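>>> With the sequence up front, the predicted model follows.
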Amino acid sequence: MTRPMTPPATRRNRLVAAALCFAALAAVAVVSIATAAGQGREASRAGERGAVSLAPGPRIVARSTARETKNHLIAVSADDPRGRKSMAPLTCARLYASGGTGLCLRLDGDLTTYQLVVLGADLRPRRDIPLVGVPNRARVSPSGRMVTWTVFVTGDSYNGGRFSTRVGMLDTVTQQLVPTLEDWSVTVGGKPYKAADLNFWGVTFTADDRRFYATMSTAGHRYLVEGDIASRSVRTLRENVECPSLSPDGRRLAFKSAVDGDPGHGWRLSVLDLATLRETGLAEHRSVDDQAAWIDSGTVAYGIRRGHGNADVWRVPADGSGHPRVLIPDAESPAALG
Amino acid sequence: MSTIGLQRGGTAGKGRRRGIAAVGTNVLALGAVSLVTDISSEMVTAVLPLYFVLTLQMSPAVYGVVDGLYTGATALLRLVGGYVADRARRRKAVAGIGYGVSAAAKLGLLAAGGSVPAIGAVIVADRAGKGLRTAPRDALITLSAPDAGLGRAFGLHRAMDSVGAFAGPLVALGVLALVGAQSPGAFDAVFVTSFCVAAAAVVILVLFVRDRREARPPAHCVSPAAAFALLRDARVRALLAAACLLGLATIGDGFVYLLLMRREEFGTGWFPLLAVGANLSYLLLAAPFGTLADRFGRLPVVLGGYGGLLAVYLLLFCPLSGAAITILTLALYGGFYAATDGVLMALAAPVLPKALRTTGIALIQTGQALAYFASSVGFGLAWHSWGPAAATRMAAGAVLLAVALTAVLLVRPTASGEGARA
């Protein structure tokens, strides 16, 4: 166990070697941070042009994933979506807009937390609410009155990075906030149900602002649920329906259906007819992990990820026919202002 | 590193000496490596969920699949790594490969881009690196400190380790704040910085940690047969059984924090702070508990730690509530880790022959990890079937049983000579 004392010369050599290595590594880190900071400044400069309004009209808004305009809200004409884009200074991680109300989920200054910002048609913030967790879905009711969001609530390395999801809602008229659905009364298959592991995500509102559809998971099952806001209750309708999105006529739900019932196999974009409960797989055969948005009564739009942090908005007919086409290149989080 | 200057403090036969010199500079150097490595890995852990979900738009289900990949794979690798380290008598080299693989994985995250299989592979590589390095590192600690001072050595090492875990998220935040949230390269900057920090740890390991290459043992001492023969030693079997029992009594931090949060009904924003609180307690208590273990016996300290865990489970469903109870629960939970994690290794080391020490440590750690994995799955099922209150009481019962059996298992063999009292 005993060893000879280190000769001073070797000791000095080691210290010099360590100092050189540390200096080189520090230089690499500094360069990477400075480069990224430079890209950040470019991105925010790029945002200072063009006016975007969320007022109803034949336009589609989305979040840009293009390098120079990353995260900025962009708007395109519904008739010529691949044409000229206008861009707002506003940046969001996820956004949606309808009925003259916008909802932007974005990083809150210090980068560990998020905030959701309710926007007026002029993009001015009307209310902001701090969020706990990573925002994932955002929706606004057709009238613009109700807004909802889903966040992933994660512990940390201690719980193996497992996620749970949580849904919040805000009535922009009464300013009443629903922080979670987990304490609502739940009915599964017609029977009252209580469980600790309830997770909700992907809400879509009905046109009357009273009800909504969403996904609820418990005990390994993922259900489509219908919720009633006044009575604070949800009931299950069907299994393996995730991230529903109600059509403008209120009769159909676009949703993602886990292939073979296993989310590990990816999702097939599908449409459920609420009257006949018939499911139609759409012509998009790639896995779609998004809450689709209806851009008209016969077409849904959704984001498909491409490479490192980029995505395109695609469109596909809602009746299972046709082929998917790019709607807006280099963007995601589409919302038709109608 | 200034630790070199302390080199003249010999380590053998001076276990009673107080202070850093008594622990040995090699342990300090290993502690520094762990500290810096943990800064690097916790930097990434802190931002990875954000990265997956925001930048890559990955859903929790896919993340779960990625996350589930490694548990079993790394257990086997840990055993193989332990055996190779013993066989070649190159514990530092094997640990170094582990640290190096994890460092390279940080760059791998950049290279993987948005590909889910590539990211899965990178994460498996990262965990494999961790699995590979833990046992040789702990074996080096046991070989670098006198047997009488092992508790203190592990205590100091684990305290330094958790300082790194504590600082990592803060460093990540600092980098993100410098870069700006809106920069498209924000995550890349965090990954590159994390790589540089991890590489610095490898530099410290290479330059300042000394391998302990005791005289070459006769070849038959380190062979697969000899490794299996470890299990024929009643004391090793007793230790392995105790490690498994204690692993079975642990339900998982996620559940503990979740139960605390539900009981106190505070906002989810506090959730990460629960881990910080428990970690702080761990950090502060690891070294003192290690010293206590050397002075008053390691087994009592380990059993006392599990007593703390029992108190945690009971507190989770006691009628009292409030901030004081939450803080007490977290302090006890951190104390449980401080009294068991390193001390168990200190307890095991003297029983394991030096030539096979890495293999033995890997065996015990793997047993404990697999038992812990089984118990957290079991607890989840129990929670689901009988509700959290009943499940937690069952867990408390399991701890009581585990503590009693551990006491019986470990007191008996140590009475015949080895002496838990150092």
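Happy to help now that I have it.

>>> so where is the chain shaky, pLDDT-wise?
Went with chain A since none was named. Along chain A, the model assigns pLDDT under 70 to residues A:1-9, A:40, A:42-51, A:108-112, A:154-163.

>>> that's the wrong chain, I wanted chain B
Across chain B (using pLDDT under 70), the flagged ranges come out as B:1-23, B:49-50, B:52-74, B:114, B:116, B:181-184, B:213-221, B:264-273, B:412-422.

>>> Tell me how it divides into domains.
With domains defined by automatic domain parsing, chain B comprises B:2-213, B:224-415.

>>> Tell me which of those domains sits most buried.
With neighbours taken as mean count of other C-beta atoms under 10 Å in any protein chain shown, the domains of chain B reach their highest mean count in domain B:2-213, at a mean of 21. C-beta coordinates here come from the backbone N, C-alpha and C atoms, glycine included.

>>> Let's have the domains of chain B in CSV, adding distance to A:R139.
Formatted as CSV, the domains of chain B follow (distance: least, C-beta to C-beta, whole Å):
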stretch, distance to A:R139
domain B:2-213, 17
domain B:224-415, 21
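
>>> To A:M87, which of those lies closest?
domain B:2-213 (13.4 Å; C-beta to C-beta).

>>> Dump stretch A:248-263 to PDB, restricted to CA.
Only the C-alpha atoms of stretch A:248-263 are listed here, as PDB (Å, rounded to 0.1, in the frame of the first residue of the first chain):
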ATOM      1  CA  PRO A 248     -65.400  22.300 -37.200                       C
ATOM      2  CA  ASP A 249     -68.800  20.500 -37.600                       C
ATOM      3  CA  GLY A 250     -68.300  18.800 -34.200                       C
ATOM      4  CA  ARG A 251     -69.100  15.400 -35.600                       C
ATOM      5  CA  ARG A 252     -65.700  13.900 -36.100                       C
ATOM      6  CA  LEU A 253     -62.500  13.500 -34.000                       C
ATOM      7  CA  ALA A 254     -59.100  13.400 -35.600                       C
ATOM      8  CA  PHE A 255     -56.800  11.500 -33.300                       C
ATOM      9  CA  LYS A 256     -53.600   9.400 -33.100                       C
ATOM     10  CA  SER A 257     -54.200   5.700 -32.800                       C
ATOM     11  CA  ALA A 258     -51.300   3.700 -31.300                       C
ATOM     12  CA  VAL A 259     -50.300   1.000 -33.900                       C
ATOM     13  CA  ASP A 260     -51.300  -2.400 -32.600                       C
ATOM     14  CA  GLY A 261     -52.400  -0.600 -29.400                       C
ATOM     15  CA  ASP A 262     -48.700  -0.100 -28.500                       C
ATOM     16  CA  PRO A 263     -47.400   3.500 -28.500                       C
END
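
>>> Can you show me the strands along the stretch 1-150 of chain A?
A:59-64, A:72-77, A:86-91, A:94-98, A:101-108, A:113-119, A:125-131, A:134-140, A:146-154 (DSSP state E, counting those that start in this stretch).

>>> Reformat these as a markdown table; add distance to chain B.
Converted to a markdown table, the strands of the stretch 1-150 of chain A look like this (distance: least, C-beta to the nearest C-beta, whole Å):
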| stretch | distance to chain B |
| --- | --- |
| strand A:59-64 | 10 |
| strand A:72-77 | 9 |
| strand A:86-91 | 5 |
| strand A:94-98 | 8 |
| strand A:101-108 | 4 |
| strand A:113-119 | 7 |
| strand A:125-131 | 8 |
| strand A:134-140 | 5 |
| strand A:146-154 | 5 |
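
>>> could the ones you listed be laid out in a markdown table, adding mean neighbour count?
Converted to a markdown table, the strands of the stretch 1-150 of chain A look like this (neighbours: other C-beta atoms under 10 Å in any protein chain shown):
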| stretch | mean neighbour count |
| --- | --- |
| strand A:59-64 | 26 |
| strand A:72-77 | 23 |
| strand A:86-91 | 19 |
| strand A:94-98 | 27 |
| strand A:101-108 | 24 |
| strand A:113-119 | 21 |
| strand A:125-131 | 14 |
| strand A:134-140 | 25 |
| strand A:146-154 | 25 |
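
>>> Turn those into a markdown table, columns for distance to B:R212.
A markdown table is the format used below for those (distance: least, C-beta to C-beta, whole Å):
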| stretch | distance to B:R212 |
| --- | --- |
| strand A:59-64 | 56 |
| strand A:72-77 | 57 |
| strand A:86-91 | 54 |
| strand A:94-98 | 53 |
| strand A:101-108 | 48 |
| strand A:113-119 | 46 |
| strand A:125-131 | 51 |
| strand A:134-140 | 45 |
| strand A:146-154 | 40 |
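
>>> any idea what sits nearest the residue nearest the centre of chain B, other than its immediate chain neighbours?
Centroid check for chain B by C-alpha atoms, centre = their mean gives B:D341 as the closest residue, at 6.7 Å. Distances taken as C-beta to C-beta, 6 or more residues apart in numbering or on different chains put B:R158 closest to B:D341, at 5.9 Å, once the chain neighbours are dropped.

>>> any idea how far B:A338 is from the one you found?
B:R158 is 7 Å from B:A338, where distance means C-beta to C-beta, to the nearest Å.

>>> list residues touching both of those two?
Counting by C-beta atoms under 8 Å, 6 or more residues apart in numbering or on different chains, the shared contacts of B:R158 and B:A338 are B:Y282, B:A286.

>>> so how many other residues sit close to A:L198?
By other C-beta atoms under 10 Å in any protein chain shown, the residues close to A:L198 number 21.

>>> Could you give the backbone dihedrals for it?
Phi and psi for A:L198, reported as degrees, to the nearest 10, are phi -70, psi 130.

>>> Ok, which of the strands of the stretch 1-150 of chain A comes nearest A:Y302?
strand A:59-64 (11.1 Å).

>>> in its sheet, what does the closest one sit against?
Strand pairing for strand A:59-64, determined by DSSP bridges: strand A:72-77 (antiparallel), strand A:331-336 (antiparallel).

>>> Just the angle for that strand relative to strand A:86-91, thanks.
50 degrees (axes from the mean of the first three to the mean of the last three C-alpha atoms, to 10 degrees).

>>> tell me the angle strand A:59-64 makes with strand A:94-98.
Computed with the same axes, to 10 degrees, the direction of strand A:59-64 lies at 170 degrees from that of strand A:94-98.

>>> Go ahead and name everything in contact with strand A:59-64.
Strand A:59-64 has contacts (C-beta under 8 Å, 6+ apart) with A:52, A:54, A:70-78, A:81, A:85, A:87, A:92-95, A:97, A:102, A:295, A:301, A:313, A:327-328, A:330-337.

>>> roughly how far is that strand from the heart of the chain?
14 Å (C-alpha atoms, centre = their mean, to the nearest Å).

>>> hmm, back to that, so which of the strands paired with strand A:59-64 comes closest to A:R286?
Nearest to A:R286, of all the strands paired with strand A:59-64, is strand A:331-336, at 14.3 Å by C-beta to C-beta.

>>> Quick one: closest of the strands of the stretch 1-150 of chain A to A:S257.
The closest of those to A:S257 is strand A:134-140. By C-beta to C-beta, the value is 16.7 Å.

>>> so what strands line up beside that closest one?
Within its sheet, and counting by DSSP bridges, strand A:134-140 is paired with strand A:146-154 (antiparallel).

>>> Now A:I295. Its backbone dihedrals?
phi -100, psi -20.

>>> give me every residue that touches it.
A:I295 makes contact with A:I60, A:A78, A:A301, A:R315, A:L327, A:P334, A:A336, according to C-beta under 8 Å, 6+ apart.

>>> try 7 Å this time
A:I60, A:A78, A:A301, A:R315, A:A336 (C-beta atoms under 7 Å, 6 or more residues apart in numbering or on different chains).
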